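Undergrad: Sequence unavailable; structure follows:
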Ligand SMILES: Cc1cc2nc3c(=O)[nH]c(=O)nc-3n(C[C@H](O)[C@H](O)[C@H](O)COP(=O)(O)O)c2cc1C
């Protein structure tokens with residue numbers, strides 16, 4: 001029987017020692033030159049020691065002029081190779097593999113960072129947080145080719161630095177997700193319109209990378225099961241993109257979105273829908289998949305692997321709260337990670353700063369883990385808000401995500 005501790009070999013021969021995958025968690029621990037700090041490196045050493053088989057880094061930008069958040073690391077050239085190498089090696093210490101997650105924010109780059117962000121088309125952000133983002137301009141075809149080159153180049157640097165692979169981030173409303181979405185992408189050239197055209201940028205990034213890094217280096221893709229929005233990226237489209245990437249030889253697909261373990265907690269239908277979606281994906285492709293979102297109990301992790309519902313269990317918040325979760329689970333000491341709903345005590349204020357509340361607590365705990373401190377167990381958002389304001393100033397209060 002397959003258990004969470006059964007190794008998994010990817011198509012390219014890379015063996016993951018178990019089925020635990022740390023999903024990407026933007027740590028905002030880059031320095032002012034966008035290099036990984038020693039704090040960031042220590043954090044990853046701790047995760048590797050904690051027993052996780054595959055570690056995905058927080059998103060790293062491929063272009064210093066297009067950043068999603070304060071504190072992003074950027075990989076554009078080999079100038080910071082030494083520090084990147086230290087990061088890669090700290091995380092592979094204990095037999096773990098580490099993939100560098102590569103991202104371009106597109107229009108999801110806040111006003112505090114981008115005067116005029118870029119996007120497939122000049123379609124502004126919508127929703128409650130839209131006020132925090134300037135309207136984007138449409139990319140020219142030449143600029144699209146340049147961005148493709150930047151992704152490819154970052155993968156080449158990642159390989160040189162000693163990372164085991166890269167993950168292309170095409171989820172959560174960032175640039176590549178914007179290309180996939182018919183709402184965001186209104187282009188009439190070969191990068192817009194049909195699904196084949198909307199996925200073209202991802203295909204060109206992937207094939208360009210593969211040509212440069214060879215077959216042994218792992219390339220993964222993170223993708224939404226659907227955007228859950230009108231005229232967004234649909235489940236049918238997502239499945240077709242995954243099949244296309246499988247046929248091109250990608251090594252791993254990470255499916256994000258929904259809540260896997262506890263459907264009823266997410267409102268009727270949504271979670272169940274997501275489980276059905278993962279099953280459909282597994283039926284239709286050869287390559288392994290990772291499912292991320294909502295796992296927080298030993299039972300849930302065991303069941304998903306034993307029932308072959310996913311090949312890897314992606315964990316973001318639980319591995320921040322319990323960095324040695326796999327080791328604890330192996331000795332029978334883990335039952336549940338206490339993933340809190342954090343609150344300031346005021347529902348209306350919580351709503352105004354919801355994206356910050358969701359991120360700042362975890363960013364605070366990641367810095368504490370890096371310094372060998374214990375994780376703070378609390379429902380109050382105030383300590384984490386104070387942490388973010390001390391670190392970033394009042395601009396921390398402006399949403400950085402849509
Ligand atoms: C603090 C924090 C930072 C995150 N940063 C990223 C990121 O850089 N890239 C990404 O793909 N997902 C990011 N995510 C989303 C997680 O990878 C994951 O998809 C989501 O938290 C659901 O998984 P979970 O229920 O295990 O936390 C982040 C989540 C948190 C809490």
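TA: Yes, it's here. Every value quoted in this text rests on a predicted model; they were computed, and no experiment measured them.

Undergrad: State whether residue 99 is indeed within a strand.
TA: Yes. Under DSSP: H, G, I helix; E, B strand; the rest coil, residue 99 sits within a strand.

Undergrad: how about the nearest residue to it, chain neighbours excluded?
TA: Closest residue to residue 99 apart from its sequence neighbours, by C-beta to C-beta, 6 or more residues apart in numbering: residue 165 at 4.2 Å. Where C-beta positions appear, they are placed from N, C-alpha and C, glycine not excepted.

Undergrad: what about the residue of the stretch 151-300 of the chain found nearest the ligand, how many neighbours?
TA: As assessed by C-beta to the nearest ligand atom, the ligand sits closest to residue 293 within the stretch 151-300 of the chain, at 4.0 Å. Residue 293 has 21 neighbouring residues, counting by other C-beta atoms under 10 Å.

Undergrad: right, and it touches residue 315 too?
TA: No. Residue 293 is beyond contact range of residue 315, at 9.4 Å (criterion: C-beta atoms under 8 Å).

Undergrad: my read is residue 219 is in a strand, agree?
TA: Yes. Counting by three-state DSSP, residue 219 is found in a strand.

Undergrad: how about it, what does it touch?
TA: Contacts here follow C-beta atoms under 8 Å, 6 or more residues apart in numbering; on that basis residue 219 touches 155, 165-168, 206, 209-210, 213, 250-251.

Undergrad: And residue 363, which helix or strand is it part of?
TA: helix 354-370 (DSSP states H and E).

Undergrad: With residue 179 instead?
TA: If you go by DSSP H and E, residue 179 is part of helix 175-180.

Undergrad: where does the very next helix or strand once past that helix sit relative to the chain's centre, distance-wise?
TA: Tracing the chain past helix 175-180, the next element assigned as helix or strand by DSSP H and E is helix 195-198. Its chain's C-alpha centre and that of helix 195-198 lie 22 Å apart, by C-alpha atoms, centre = their mean, to the nearest Å.

Undergrad: Buried residues, helix 195-198. List them.
TA: By neighbour count with 16 or more other C-beta atoms under 10 Å, helix 195-198 contains the buried residues 195, 197-198.

Undergrad: which residues touch residue 97?
TA: By C-beta under 8 Å, 6+ apart, the neighbours of residue 97 are 14, 16, 53-55, 164-165, 218.

Undergrad: beta partners for it?
TA: Residue 97 has the following beta-bridge partners by DSSP bridges: residue 54.

Undergrad: gap between it and the ligand?
TA: Applying C-beta to the nearest ligand atom, to the nearest Å, the value for residue 97 to the ligand is 17 Å.

Undergrad: for residue 126, same thing?
TA: In this view, residue 126 and the ligand are 21 Å apart by C-beta to the nearest ligand atom.

Undergrad: How about residue 55?
TA: Taking C-beta to the nearest ligand atom, one finds residue 55 at 12 Å from the ligand.

Undergrad: just the buried residues of helix 195-198 now: which is nearest residue 232?
TA: Ranked by distance to residue 232 (C-beta to C-beta), the buried residues of helix 195-198 are led by residue 198 at 11.7 Å.

Undergrad: Which strands or helices does the host helix or strand of residue 302 pack on?
TA: Element membership for residue 302 (DSSP H and E) is helix 298-306. On a contact count with 3 or more C-beta pairs under 8 Å, 6 or more residues apart in numbering; DSSP states H and E, helix 298-306 meets strand 312-315.

Undergrad: can the strand it packs on be found next to the ligand?
TA: Yes. Counting by C-beta under 6 Å from any ligand atom, the ligand is contacted by strand 312-315 at residue 315.

Undergrad: Run the chain-centre distance for the helix or strand that that strand is followed by.
TA: Per DSSP H and E, the first helix or strand lying C-terminal to strand 312-315 is helix 317-321. Chain-centre distance of helix 317-321: 14 Å, with C-alpha atoms, centre = their mean.

Undergrad: any idea what sits nearest residue 285, other than its immediate chain neighbours?
TA: residue 246 (4.2 Å).

Undergrad: doesn't residue 282 make contact with the one you found?
TA: No. Contact criterion C-beta under 8 Å: residue 246 and residue 282 do not qualify, at 11.2 Å.

Undergrad: and this structure, what are its domains?
TA: According to automatic domain parsing, the chain is divided into the following domains: 14-331, 340-402.

Undergrad: Can you pull out the low-pLDDT segments for the protein?
TA: 257-273, 275 (pLDDT under 70).

Undergrad: Tell me where it has strands.
TA: 8-9, 15-16, 20-22, 54-56, 60-61, 97-103, 118-119, 137-138, 165-170, 218-224, 252-256, 289-292, 312-315 (DSSP state E).

Undergrad: ok, and which of those has the densest surroundings?
TA: strand 20-22 (a mean of 30; mean count of other C-beta atoms under 10 Å).

Undergrad: Look at residue 46 and say how many residues are nearby.
TA: Residues near residue 46, counting by other C-beta under 10 Å: 18.

Undergrad: so what's it up against?
TA: Residues near residue 46 by C-beta under 8 Å, 6+ apart: 323-324, 369-370.

Undergrad: Likewise for residue 246?
TA: 253, 285-287.

Undergrad: biggest separation within the residues you listed, which pair?
TA: That would be 253 and 286, which, of the contacts of residue 246, are the farthest apart (C-beta to C-beta) at 10.9 Å.
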